[in-house]
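**Student:** Pasted the sequence and its predicted model underneath.
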Amino acid sequence: MTKANASTMSGAKMIVKALKDQGVEVVFGYPGGAVLPIYDEIFQQNDIRHILVRHEQGAIHMAEGYARSTGKPGVALVTSGPGATNAVTGLTDALLDSIPLVVLSGQVPTFMIGTDGFQEADTVGITRPCTKMNWLVKDTERLAETIHTAFHVATSGRPGPVLIDIPKDVQFATADYVAREKVKPSHYQPKLKGDLDQITRLVELLETAERPLFYTGGGVINSGPAASQLLRELVEATGVPITSTLMGLGAYPASGKAWLGMLGMHGLYEANLAMHGCDLMINIGARFDDRITGRLADFSPNSVKAHIDIDPSSINKVVRVEVPIIGDVGHVLEDMLRIWKSRGRKVNKEGLAKWWAQIKEWQAVNCLDYKPSTKTIKPQYALQRLEALTKGMDRYITTEVGQHQMWAAQFLGFEDPNRWMTSGGLGTMGYGLPASIGVQIAHPEALVINVAGEASWLMNMQEMGTAMQFRAPVKQFILNNERLGMVRQWQELLHGERYSHSWSESLPDFVKLAEAFGCKGIKCSDPKDLDDAIMEMIRYDGPVIFDCLVEKHENCFPMIPSGKPHNEMLLGEADTQGVIKAGGAVLV
Amino acid sequence: MSALNIKKGSVSHSAYELRDPYAEVIESHTLAVIVANESGVLARVIGLFSGRGYNIDSLTVAEVDHEGHRSRITIVTRGTPQVIEQIKAQLGRLVPVHAVHDLTVEGPSVQRELALIKVAGKGDARIEALRLCEIFRAKVVDSTLESFVFEMTGTPEKIDAFAELLRPLGLSEIARTGVAALSRGV
């Protein structure tokens, strides 16, 4: 039996102490029977702030928003059974976007596990495929150590969500607390430094390439602000054009002169054609996602490809690369810059000049052009105005999923990393509102805007209650087309304009809804009123639900149809006739 | 043929087709995966295979270092070279996995499987079964007047061959352990 001393405490107390030891300031959670001892401890302290959510999915997305905007791990606390199963979507979202989260779930007491007890679920079984790692702690002696290890795993290597399932009797039982620095180092130590020979090979290729291109992703953001700085230095020094995935926006500033804009299915014409035509593709922290590559057989057919990634399984998973570099983006870029400088800062000036001349031609196509209207608000116009009126402010943007998300990525410019929070890999409708609250909790003074579609927004709208209770003045900028816009667009282009269930018959009155929550509602349907309405939203000291009624049938362009290569983009309505063959319809 | 009726394995139609267009040859590999013997680790490894659509032809697992709590999982799997590389990388990034060895490419290895085979029969069939047992260097570990249980250790192919010969002689049940494998030499 453990001798009682100062470090002997209950499991519940241990949890709170371990979180403090890990520097946790905020926990997003929802109480329930199996976590009551932990909530009792939370009640008796003031160091950790608890944000009471309205649904556990909201807690996880808030923790994601918190993590992505701060670079620190997000922490959530849920009860057993339904509390844990409600967290599953958020965990999967964080896994696909590599977001560091530590989720604590309550569990029925150890002696009841396996009896189908009240609110019992096989949480570690259910969450095994949607976490980076999870643990069921059956012994209080192991609890503190497991929590410390969990933080290490969540934040090391390719970050991701982890879950610790803690039976109620383990929370009540006492044991010795193990301090963070007393935990023996985990064997899990992913390699940070890249292979110098491969990096040198990449530098050699960079020196002679005629049409080089940086293709960057969320890995740059995850690597930390230093990685973004190094990327900027490398791009400025070499003059090589750069494009980024949805996840990587902000690592290189949108105002930077080498910036080509986002690439991919709804990426910019110049970015996608540059991908198609480059002779050296340098993938930094991206993963050749299917939204990026289009038809694989025709993906960037004439390029030598280099891939920098901390996760060895990302290399050659989808696209075969000639120069694989396994390591942390920041470390690799540092070595790359050093080697490139020491070899005389060479680039193929003549080739690059021609390459840029070609890119300028593509840029002149002005692919984001749309038909303006004086009668209805075009969603693109709404975002252009939002951009113009908020530029230069201490601004964070989250989004839901769909057309509005793609327009936001196209029309909003991000100057810094960690300013753009969107569900990329999983495409989780309902992500944006809770994520915006998580961001606002981390940055109370900042302007936090969730660019939303009305359908996505309704999926987690209960979290407006959380925003009100914790005075998070999040701005919900809803582009309301009364349609599931992206579904409608695909039905138009791929399913013979049969609009099966892609609109809502009875949307709420968003202004009244805002009033019901106790916040401000603004409705705008006339382009002439839009600027004033947006300014009213920004100036209001508190949460706002902005119902921006936009053109109902606007399609999102450019678009690479499923199963098409980069050079077969659709630029607008005129391009769409008969372009997408039935074969493309089987793809998502 | 309808445009929607797409041949699986074709690379021309899909952004989702992950098959290596250059190497379509299917190889069999034996992997030794050293893991921390903790709760759920086997489920994690098996879940990886089912979740990502990889094959398992054979799997054995046991703790091999009781003090260090290490288990060795031996997996025989099939796939194109690219898929095999993915399987190894995916296994390698699981947190409780300490090491992944591809015994098929890391030099010569020995592979053995143990089988218990029950044969029921009388008369000539029974005598013939016993003769085959000697030829294959199997052991009789249980005997009644109307049955034998043979124990045999060998490569999976050898066990297959033995079982095939016993089938017409009254083979009634077979239990196999799956492959255990070690690299040769030091």
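**Tutor:** Structure's in. What do you need?

**Student:** Please name the residues that touch the spatially most central residue of chain B.
**Tutor:** Central residue of chain B (Cα atoms, centre = their mean): residue B:58, 2.2 Å from the mean position. The neighbourhood of residue B:58, defined by Cβ atoms under 8 Å, 6 or more residues apart in numbering or on different chains, consists of B:74, B:75, B:76, B:113, B:156, B:178, B:179. Where C-beta positions appear, they are placed from N, C-alpha and C, glycine not excepted.

**Student:** what do you get if the cut-off is 6 Å, keeping everything else the same?
**Tutor:** With contacts defined as Cβ atoms under 6 Å, 6 or more residues apart in numbering or on different chains, residue B:58 is in contact with B:76, B:178, B:179.

**Student:** Next: residue A:343.
**Tutor:** Here residue A:343 is in contact with no residue (Cβ under 6 Å, 6+ apart).

**Student:** where along chain B do the strands fall?
**Tutor:** Under the criterion DSSP state E, chain B carries strands at the ranges B:27-36, B:58-65, B:70-79, B:97-102, B:109-120, B:139-144, B:147-154, B:171-176, B:180-183.

**Student:** Tell me which of these is the most buried.
**Tutor:** By mean neighbour count, with neighbours taken as mean count of other Cβ atoms under 10 Å in any protein chain shown, strand B:70-79 ranks first of the strands of chain B at a mean of 21.

**Student:** hmm, that strand in reach of chain A?
**Tutor:** No - judged by Cβ under 6 Å from any Cβ of the partner chain, strand B:70-79 stays clear of chain A, getting no closer than 10.6 Å.

**Student:** That strand vs strand B:109-120, what angle?
**Tutor:** 90 degrees (axes from the mean of the first three to the mean of the last three Cα atoms, to 10 degrees).

**Student:** just for chain A, where's the confidence low?
**Tutor:** A:1-5, A:574, A:576-585, A:588 (pLDDT under 70).

**Student:** Show me what from it comes close to chain B.
**Tutor:** Residues of chain A lying near chain B (Cβ under 6 Å from any Cβ): A:124, A:128-129, A:133, A:153, A:188, A:290, A:293-295, A:297, A:312-313, A:317-318, A:563, A:581-583, A:586.

**Student:** Of these, keep whichever come out buried.
**Tutor:** A:124, A:128-129, A:133, A:153, A:188, A:290, A:293-295, A:297, A:312-313, A:317-318, A:563, A:583, A:586 (16 or more other Cβ atoms under 10 Å in any protein chain shown).

**Student:** Which secondary structure element is home to residue A:497?
**Tutor:** Using DSSP states H and E, residue A:497 falls within no helix or strand.

**Student:** Please name the nearest non-neighbouring residue to it.
**Tutor:** Residue nearest to residue A:497 in three dimensions, not counting chain neighbours: residue A:491, with 6.7 Å by Cβ to Cβ, 6 or more residues apart in numbering or on different chains.

**Student:** Surely residue A:165 forms part of a strand?
**Tutor:** Yes - counting by DSSP: H, G, I helix; E, B strand; the rest coil, residue A:165 is located in a strand.

**Student:** And it, how far from chain B?
**Tutor:** 10 Å (Cβ to the nearest Cβ, to the nearest Å).

**Student:** now do residue A:450
**Tutor:** Residue A:450 is 29 Å from chain B, by Cβ to the nearest Cβ.

**Student:** pretty sure that residue contacts residue A:473?
**Tutor:** No - with contact defined as Cβ atoms under 6 Å, residue A:450 does not reach residue A:473; the gap is 11.8 Å.

**Student:** of the two, who's got more company?
**Tutor:** residue A:450 (31 against 19; other Cβ atoms under 10 Å in any protein chain shown).

**Student:** what kind of secondary structure is that one in?
**Tutor:** strand.

**Student:** That one bridge partners, please.
**Tutor:** residue A:398, residue A:476 (DSSP bridges).

**Student:** Please list all residues in contact with it.
**Tutor:** A:398, A:432, A:433, A:436, A:476.

**Student:** which among the contacts of residue B:58 gets closest to chain A?
**Tutor:** residue B:76 (20.6 Å; Cβ to the nearest Cβ).

**Student:** how close does the closest one get to residue B:57?
**Tutor:** From residue B:76 across to residue B:57, the span is 4 Å (Cβ to Cβ, to the nearest Å).

**Student:** ok, now residue A:62?
**Tutor:** 45 Å.

**Student:** any idea how the chain splits into domains?
**Tutor:** No chain was given, so I picked chain A. The record's domain parsing of chain A by automatic domain parsing lists A:8-182, A:196-364, A:379-549.

**Student:** my bad, chain B
**Tutor:** B:27-102, B:109-183.

**Student:** In a markdown table: these, plus mean pLDDT.
**Tutor:** Formatted as a markdown table, the domains of chain B follow (pLDDT from 0 to 100):
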| stretch | mean pLDDT |
| --- | --- |
| domain B:27-102 | 96 |
| domain B:109-183 | 96 |
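
**Student:** Need the ones you listed in CSV (columns: distance to residue A:332).
**Tutor:** Formatted as CSV, the domains of chain B follow (distance: least, Cβ to Cβ, whole Å):
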stretch, distance to residue A:332
domain B:27-102, 18
domain B:109-183, 33
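
**Student:** Quick one, which of these gets closest to residue A:211.
**Tutor:** domain B:27-102 (26.9 Å; Cβ to Cβ).

**Student:** With residue B:64 as the reference, measure out to the residue nearest to residue B:71 when sequence neighbours are not counted.
**Tutor:** Closest residue to residue B:71 apart from its sequence neighbours, by Cβ to Cβ, 6+ apart: residue B:37 at 4.2 Å. Going from residue B:37 to residue B:64 by Cβ to Cβ gives 9 Å.

**Student:** same thing with residue A:376?
**Tutor:** In terms of Cβ to Cβ, residue A:376 sits 70 Å off from residue B:64.

**Student:** quick one on the thing from earlier: mind checking which of the buried ones among the residues of chain A next to chain B are in helices?
**Tutor:** A:124, A:153, A:290, A:293 (DSSP state H).

**Student:** which among these gets closest to residue A:72?
**Tutor:** Looking across these and measuring by Cβ to Cβ, the closest to residue A:72 is residue A:153, at 15.0 Å.

**Student:** show me what contacts the spatially closest residue to the closest one that is not a sequence neighbour?
**Tutor:** Leaving aside its chain neighbours, residue A:153 sits nearest to residue A:133 (5.0 Å; criterion: Cβ to Cβ, 6+ apart). Neighbouring residues of residue A:133 by Cβ under 6 Å, 6+ apart: A:153, A:162, B:95.

**Student:** for residue A:333, same thing?
**Tutor:** residue A:230.

**Student:** How far away from the center of its chain is the helix or strand encompassing it?
**Tutor:** In this structure, residue A:333 sits in helix A:329-342 according to DSSP H and E. From the chain centre to the centre of helix A:329-342 is a distance of 27 Å (Cα atoms, centre = their mean, to the nearest Å).

**Student:** Outside of the next helix or strand after that helix itself, list whatever touches it.
**Tutor:** Once helix A:329-342 ends, the next helix or strand along the chain (criterion: DSSP H and E) is helix A:349-364. For helix A:349-364, the surrounding residues in contact (Cβ under 6 Å, 6+ apart) are A:210, A:211, A:239, A:241, A:269, A:270, A:273, A:274.

**Student:** repeat that for 7 Å
**Tutor:** Contact partners of helix A:349-364, identified using Cβ atoms under 7 Å, 6 or more residues apart in numbering or on different chains, comprise A:209, A:210, A:211, A:239, A:241, A:260, A:269, A:270, A:273, A:274.

**Student:** before we move on, the earlier item: out of the domains of chain A, which is closest to residue B:70?
**Tutor:** Closest among the domains of chain A, using Cβ to Cβ: domain A:8-182, at 17.4 Å.

**Student:** Now the helix holding residue A:333: buried residues?
**Tutor:** A:329, A:330, A:331, A:332, A:333, A:334, A:335, A:336, A:337, A:339, A:340.

**Student:** cool, stretch A:171-188 as well?
**Tutor:** If you call a residue buried by 16+ other Cβ under 10 Å, then stretch A:171-188 has these buried ones: A:171, A:173, A:174, A:175, A:176, A:177, A:178, A:180, A:183, A:188.
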